[in-house]
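**Student:** How does the following fold in three dimensions:
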Amino acid sequence: MKPQPLQFSTPDDREELARAEVYGLLAQLFIAAPAAEFYEQLRVAPTEAPTPGAFLESSWGTLVATARRLPLETVATEYDALFQGIGKPEIFLYGSFHLAGAINDKPLVQLRHDLRALGLERINAAGETEDHIASLCEVMRFLIAGDDPVLGSLAAQKRFHSDHLAGWTERLCEQIAGHGRADFYRDAALFARDFFAVERQAFDLLE
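**Tutor:** Numbering: from 1, shown residues only. As a prediction, this is how the structure comes out:
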């Protein structure tokens, strides 16, 4: 392996990087059933937070423990049962559905307008619409970890989060966690719920 130069960052930089990584993790968890490499990384992930008793430590530890307990094939079957299927899925992962009661509704139109203002657009017509929870998490990851200080400012992050995530993600997480067929994704949803709650509280402090 080619040696890599050491990189140093301030504590604030590390905290922002950690936030971006969690958004990236959530995007991978909900866009599809886990890929084998990603799932193996999850199963061996450390579960102790740097600060004992940190708020996310409990739900994160539970998620990792569940990944260690369940084979990947079981998780893939669960994903399909909850979020895929022919016709109407058991649970919709789209913001428009939870905000307006139908997919491809006005919230998606507004989201696309806001994404254009950020200089973002879909690479192609394939895949999920932009209001899929995984796509929204990817946008947040981009805003936090991007190089543009204006585009990724805390004010811009807060505005996007408030407009396109805060109004429905808690409801989605509770719906997943309460579904009778949810096991791995129950714990994934509870971890996501806790993380989104931390984000909302942090953004509220900016007011």
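**Student:** how many neighbours does Leu72 have?
**Tutor:** Neighbourhood size, Leu72 [other CB atoms under 10 Å]: 18. The C-beta positions use only the backbone N, C-alpha and C, and glycine is treated the same way.
**Student:** Using the three-state scheme, assign Asp80.
**Tutor:** Following DSSP: H, G, I helix; E, B strand; the rest coil, we place Asp80 in the helix state.
**Student:** In contact with Ala156, which residues?
**Tutor:** 118, 143, 150 (CB atoms under 8 Å, 6 or more residues apart in numbering).
**Student:** The same query, at a cut-off of 7 Å, please.
**Tutor:** Leu143 (CB atoms under 7 Å, 6 or more residues apart in numbering).
**Student:** Which of the helices or strands spans the spatially closest residue to Phe30 that is not a sequence neighbour?
**Tutor:** Residue nearest to Phe30 in three dimensions, not counting chain neighbours: Ala134, with 4.6 Å by CB to CB, 6 or more residues apart in numbering. Assigned by DSSP states H and E, Ala134 falls within helix 133-145.
**Student:** Counting by contacts, list what that helix packs against.
**Tutor:** helix 11-31, helix 154-164 (3 or more CB pairs under 7 Å, 6 or more residues apart in numbering; DSSP states H and E).
**Student:** what about the nearest residue to Ala197 once chain neighbours are set aside, how many residues close to it?
**Tutor:** Closest residue in space to Ala197, ignoring its immediate chain neighbours: Glu170 at 7.3 Å, by CB to CB, 6+ apart. By other CB under 10 Å, the residues close to Glu170 number 16.
**Student:** Enumerate the positions of the helix holding Ala134 that are buried.
**Tutor:** 133-144 (16 or more other CB atoms under 10 Å).
**Student:** got it, and stretch 17-29?
**Tutor:** Buried, per 16+ other CB under 10 Å, within stretch 17-29: 19-20, 22-29.
**Student:** Now render those as a markdown table, adding pLDDT and distance to Ala192.
**Tutor:** Putting the buried residues of stretch 17-29 into a markdown table (pLDDT from 0 to 100; distance: CB to CB, whole Å) gives the following:
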| residue | pLDDT | distance to Ala192 |
| --- | --- | --- |
| Arg19 | 93 | 13 |
| Ala20 | 94 | 15 |
| Val22 | 95 | 9 |
| Tyr23 | 96 | 10 |
| Gly24 | 95 | 13 |
| Leu25 | 96 | 9 |
| Leu26 | 97 | 5 |
| Ala27 | 96 | 11 |
| Gln28 | 96 | 12 |
| Leu29 | 97 | 8 |
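**Student:** With respect to Arg186, which of these is nearest?
**Tutor:** Closest to Arg186 out of the buried residues of stretch 17-29 is Leu29 (12.1 Å), distances taken as CB to CB.
**Student:** any idea how far the residue nearest to that closest one when sequence neighbours are not counted is from Thr47?
**Tutor:** In space, and not counting its chain neighbours, Leu29 is closest to Ala188: 5.1 Å by CB to CB, 6+ apart. Noted for Ala188: a distance of 15 Å to Thr47, by CB to CB, to the nearest Å.
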